[in-house]
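Undergrad: build me a structure from this.
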Amino acid sequence: RVAPAIIEMGCFARVETNGGGFEQVNLLFGENPNRAVREWTKPFHEAGIQTHMLDRALNGLRMSPVPDDVRQLFYQVKKAQGTDIARTFCGLNDVRNIIPSIGYAHDAGMISQCCLCITYSPIHTVEYYLDMAKKLIDAGCDEICIKDMAALLTPTRTESLVKAIKAAVPELPLQLHTHYTSGLASMCLLKGVEAGADGIDTAISPLALGTSHAPTESMVAALSGTEFDTGLDLKQFSDIRAYFMTLREKYIKSGLLDPKMLATDANALIYQVPGGMLSNLLSQLKQAGKE
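TA: Down below sits the predicted model:
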C-alpha cells in the first residue's frame, strides 16, 4: 500500500526487501514470505528502484546454518522474486563465511554487498575493518556496508572508519547501517555522510528509534540545504507516515510492538546486543511469562 507513495517521490534508489523480515512475516503473521517479497518488489522493480535482502552467511536467510546448495538456491529464488542486492554479513566477521556469497550473488545476477559487523574490543580497530574490507573487495564484492547492528558506533569512530575505507577504495559504494538503540544513530549517520558514505539506512518515523533506525524524515531535514541535500520534500512523507502510524498504534495495542523497543537504552553500549536480537528476545521472554 505504501509502495506507490514511495515511488512517486522519485528519489529513492533502493529499499529493503527482506532480512529478518523473511522469518518475521512467517513466524509473526503466518503469511508466506515468498509471496510477500514478490508483491513488495514488483512495483519497485517496475519503477527501476533496487531492492536488497539480508543474507546471514552460513545461515542464508534463516537463523541456523544451511547446506551450501540451499544457500546458493536462496539467491536464485530471491533474484527471481525481484531482489537486486544481497547484503551478506557474518556475526564472526569471518571472511571465509562471506566470500562464497559473492559468487552466489553474481551467479544469480545480483549485486554483492558485504558487511563489516561493528563491535568493541581491543582488536576491532579501524585497521582491522579496513583489512577485512580489502579482503572482501579482493574477493570481488561490489559494495561494502558498515553494519552497526548493536548501535555501538560513535560519531568520531564512524568518521574515522568511513574516511579510511573511502580513501582505500573511493570508487566502491559504501553504505552505513546503524540502529538507534544507544541514541547515537543520527549523529553517526551525519558524520558518516560528511566523511563520504554513499548511502545510509533509515526508517519511517513511526517505526524508527529504539532498536530500529534513525527517522528518514529527520535525516532528510538534517541534510537539507547542504551539499548532500536529498531533494525530498518532507510533505511527501505524509501519506507514508500516516499509514505506518496506524500500524504502530495497532501493533502496540495488540502487544506485537513493545514501546520499550522504541526507547533509547544507552546500556546497549555496554551489553552490545543487536537491535533485532533484542526485540526478538523480549518477545520470547513475554511468551515464556518471564518479561
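
Undergrad: who are the packing partners of the longest helix along the chain?
TA: Ordering each helix of the chain by length in residues (DSSP state H) puts helix 238-254 first. Counting contacts by 3 or more C-beta pairs under 8 Å, 6 or more residues apart in numbering; DSSP states H and E, helix 238-254 is packed against helix 3-9. The way it works is simple: take the backbone N, C-alpha and C, and place the C-beta from them, glycine included.

Undergrad: strand partners of whichever helix or strand comes after the helix it packs on, parallel vs antiparallel please.
TA: Heading C-terminal from helix 3-9, the first helix or strand you meet, by DSSP states H and E, is strand 14-18. Strand pairing for strand 14-18, using DSSP bridges, gives strand 50-55 (parallel).

Undergrad: just the CA atoms of the strand it pairs with, as PDB, please.
TA: The C-alpha trace of strand 50-55 is given here as PDB (Å, rounded to 0.1, in the frame of the first residue of the first chain):
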ATOM      1  CA  GLN A  50      16.500  -1.700  -6.500                       C
ATOM      2  CA  THR A  51      15.600  -3.800  -3.500                       C
ATOM      3  CA  HIS A  52      18.000  -5.600  -1.200                       C
ATOM      4  CA  MET A  53      17.900  -8.600   1.100                       C
ATOM      5  CA  LEU A  54      19.900  -9.600   4.100                       C
ATOM      6  CA  ASP A  55      22.000 -12.900   3.900                       C
END
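
Undergrad: what residues does it touch?
TA: Residues outside strand 50-55 that contact it (C-beta atoms under 8 Å, 6 or more residues apart in numbering) are 13-20, 22, 40-41, 44-45, 61, 71, 74-75, 78, 82-89, 101, 111, 113.

Undergrad: what angle sits between the following helix or strand past that strand and strand 14-18?
TA: Heading C-terminal from strand 50-55, the first helix or strand you meet, by DSSP H and E, is helix 68-80. Helix 68-80 and strand 14-18 are oriented at 130 degrees to each other (axes from the mean of the first three to the mean of the last three C-alpha atoms, to 10 degrees).

Undergrad: so which bits of the longest helix of the chain are buried?
TA: For helix 238-254, the neighbour count (16 or more other C-beta atoms under 10 Å) marks 240-241, 244, 248 as buried.

Undergrad: which SSE is immediately downstream of it?
TA: Following helix 238-254 toward the C-terminus (DSSP H and E): helix 268-271.

Undergrad: list the contacts of the longest helix of the chain.
TA: 1-2, 5-6, 204-207, 217, 257-259.

Undergrad: mean confidence score for that helix?
TA: Across helix 238-254, pLDDT averages out at 91.

Undergrad: next, count neighbours for His213.
TA: The tally of other residues near His213 (other C-beta atoms under 10 Å) stands at 24.

Undergrad: make sure it is indeed in a strand.
TA: No. According to DSSP: H, G, I helix; E, B strand; the rest coil, His213 belongs to no strand; its state is coil.

Undergrad: that one against Thr202, yeah?
TA: Yes. Between His213 and Thr202 a contact is recorded at 5.2 Å, counting by C-beta atoms under 8 Å.

Undergrad: quick check: closest non-adjacent residue to Met87.
TA: Quick fix: residue 87 reads Arg, not Met. Once flanking residues are discounted, Arg87 sits nearest to Gln113: 4.6 Å by C-beta to C-beta, 6 or more residues apart in numbering.

Undergrad: surely the one you found is within a helix?
TA: No. Counting by three-state DSSP, Gln113 is located in no helix; its state is strand.
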